[in-house]
Each structure stands twice: as C-alpha cells, then as structure tokens.
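**Q** Any chance you could fold what I've pasted below:
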Amino acid sequence: MTNQTLAILEDLMQNTPNSTWITIEKVNQKSVIDNRKLYSDFLIILEGTLHLENRNSQILHFFTNSHIIYHSPFNLGIENQLKIIANTDMEVAFVNREFFLNFAANKPSYMEWLLASVLRNSSGLCFELMKHDLPTEPRITYTLQSFCDTLDLASDDEDEYVEIPSYLNKSKLANYGNVSRKNLNEKLDILEEKDRVKRTANKLYIRVANL
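**A** Numbering: from 1, shown residues only. Coordinates of the predicted model:
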C-alpha cells in the first residue's frame with residue numbers, strides 16, 4: 001500500500017462519525033468477494049491481489065496493492081455478471097462512497113487520488129479489452145506484459161525476465177488471454193523459441209525489456 005493511500009485511510013478512520021462506514025477485512029485466497037459489499041461502498045486493496053472476471057470465467061483485469069474498485073456493479077446493472085476473486089490472501093478496506101465524497105470535498109488531494117485511481121482502472125480495463133483484437137501470439141505476450149505492469153513486477157535477472165506468480169497458471173492465463181489451452185501451449189512454445197518467454201521447473205517467465 002502506498003504512503004498516500006495509508007494516510008488517506010487513516011484520516012478517514014479517525015474522522016468517520018460511523019464506524020460501519022469504513023471496515024477492514026481479511027480475505028482468503030480463492031474467495032469470492034460478495035458484490036453486495038460494493039452496493040454503497042468502494043474497495044481499497046491494502047495487501048494482496050484479486051481479479052475481476054465475467055460469468056464465463058474470462059479474466060478481465062487484475063488489481064493489487066493500493067488499487068481501488070470504485071464503481072458499484074449494482075449501479076451499472078451488472079451485479080450478476082461479474083465476480084471479484086482473491087488470487088492471494090488479502091486485506092481490503094470498504095469505504096462508504098457518500099462519506100468519502102463529502103469528506104473529500106474540502107480535501108482536493110483526496111479527490112485527485114480518487115480520480116487518478118479511477119482513471120488508471122478505466123484505462124487499464126480499456127486496454128485489456130482492446131488486446132482481443134490482436135492475433136493470438138502478440139495477445140499472449142501483451143497479456144503477460146500487461147499483467148506484470150499492473151502488478152508492478154520487476155525483473156531480477158540481467159536478461160529482464162519476470163517470473164509469473166503461480167496463481168496465474170495455464171488455465172487462468174488461457175482465460176485471461178481468451179485462448180484455448182491447446183492454442184496457449186502451442187503459442188508458448190513459439191514464444192519460447194523467440195526468447196520472449198522461458199519455462200523452467202514449472203515456472204513461467206516473460207521478458208519485459210520492451211515494457
């Protein structure tokens with residue numbers, strides 16, 4: 001969690017007139033977060049990673065530390081079409097939207113933080129949807145590189161390869177890239193020959209030199 005997000009959350013907790021307007025919860029890995037919690041609240045990720053997927057199990061976008069999910073699926077009329085699933089053990093905060101907006105009215109930096117977060121999510125999701133216009137091979141490359149960029153994963157070797165976390169296994173990657181498992185395996189073989197990915201000991205790495 002960034003220092004700014006922590007400072008904002010602490011300020012909100014110290015000044016809320018109703019303790020139910022801000023709650024901190026632990027979420028277990030693979031748990032589905034109840035959409036009803038977003039009816040009047042927005043979500044801040046304090047620690048961990050989650051993803052948004054549709055009812056066909058296609059992964060739409062990943063979120064990690066200090067990211068927020070602001071819009072209510074109920075206001076958008078899609079509460080039965082989306083799932084929010086924890087990829088790791090997590091800690092999240094639920095903040096009442098109306099309280100936040102009233103409190104932030106006199107704190108321009110808080111509104112700037114919110115708008116920057118919403119813009120980042122919106123643009124990220126837009127690019128995620130645009131990738132489906134790409135041919136399969138560059139789509140898989142883009143999917144992996146975009147994942148690393150979203151989670152701010154850095155290379156720890158001189159060849160600039162980044163290890164993909166184990167929770168993004170082949171099944172999840174196929175759902176994320178919108179490809180079949182068979183096609184994914186074929187394209188990973190080609191990408192490995194081109195040194196864009198490498199696989200060792202059941203681990204997948206993506207070269208991110210061009211990010």
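**Q** buried ones in the lowest-mean-pLDDT helix or strand in the chain?
**A** Across the helices and strands of the chain, mean confidence by mean pLDDT, DSSP states H and E is lowest for helix 108-130: a mean of 88. Within helix 108-130, the residues scored as buried using 16 or more other CB atoms under 10 Å are 110, 113-114, 117, 121, 124, 128. (C-beta placed from N, C-alpha, C; glycine too.)
**Q** How far does that helix sit from its chain's centre?
**A** 12 Å (CA atoms, centre = their mean, to the nearest Å).
**Q** Can you pull out the residues in contact with the following helix or strand past that helix?
**A** Counting by DSSP states H and E, the next helix or strand C-terminal to helix 108-130 is helix 136-150. Helix 136-150 is contacted from outside by 61-64, 124, 127-128, 131-132, 134, 153, 162, 164, 168, 173, 176-179, 183-184, 187-188, 190-191, 196-197, 204, 206, 208, 210-211, using CB atoms under 8 Å, 6 or more residues apart in numbering.
**Q** Helix 136-150: which residues count as buried?
**A** Judged by neighbour count using 16+ other CB under 10 Å, the buried positions of helix 136-150 are 136-137, 139-148, 150.
**Q** Same check on stretch 56-75?
**A** For stretch 56-75, a neighbour-count test (16+ other CB under 10 Å) marks 59-70, 72-73 as buried.
**Q** now, which of those lie within strands?
**A** Among these, the members falling in strands (DSSP state E) are 59-63, 68-69.
**Q** Just give me the closest of those to Ile84.
**A** Using CB to CB, the shortest approach to Ile84 within these belongs to Ile69, at 7.0 Å.
**Q** Excluding chain neighbours, what is closest to that closest one?
**A** Leu43 (4.4 Å; CB to CB, 6 or more residues apart in numbering).
**Q** quick one: the one you found is in a helix?
**A** No. Leu43 is assigned strand when assessed by DSSP: H, G, I helix; E, B strand; the rest coil, not a helix.
**Q** Surely it is in contact with Arg97?
**A** No. In this structure Leu43 lies outside contact range of Arg97 using CB atoms under 8 Å: 10.7 Å.
**Q** Quick check: closest non-adjacent residue to Phe127.
**A** Leaving aside its sequence neighbours, Phe127 sits nearest to Ser146 (CB to CB, 6+ apart; 6.8 Å).
**Q** neighbouring contacts of stretch 93-101?
**A** The contact list for stretch 93-101 (CB under 8 Å, 6+ apart) reads 9, 12, 16, 18, 20-25, 37-38, 40-44, 46, 70, 72, 110, 114.
**Q** Mind doing that once more with 10 Å?
**A** Stretch 93-101 has contacts (CB atoms under 10 Å, 6 or more residues apart in numbering) with 1, 5, 8-9, 12-13, 15-18, 20-25, 33, 37-46, 68, 70-72, 75, 102-103, 110-111, 114.
**Q** Fine by me, we can end here.
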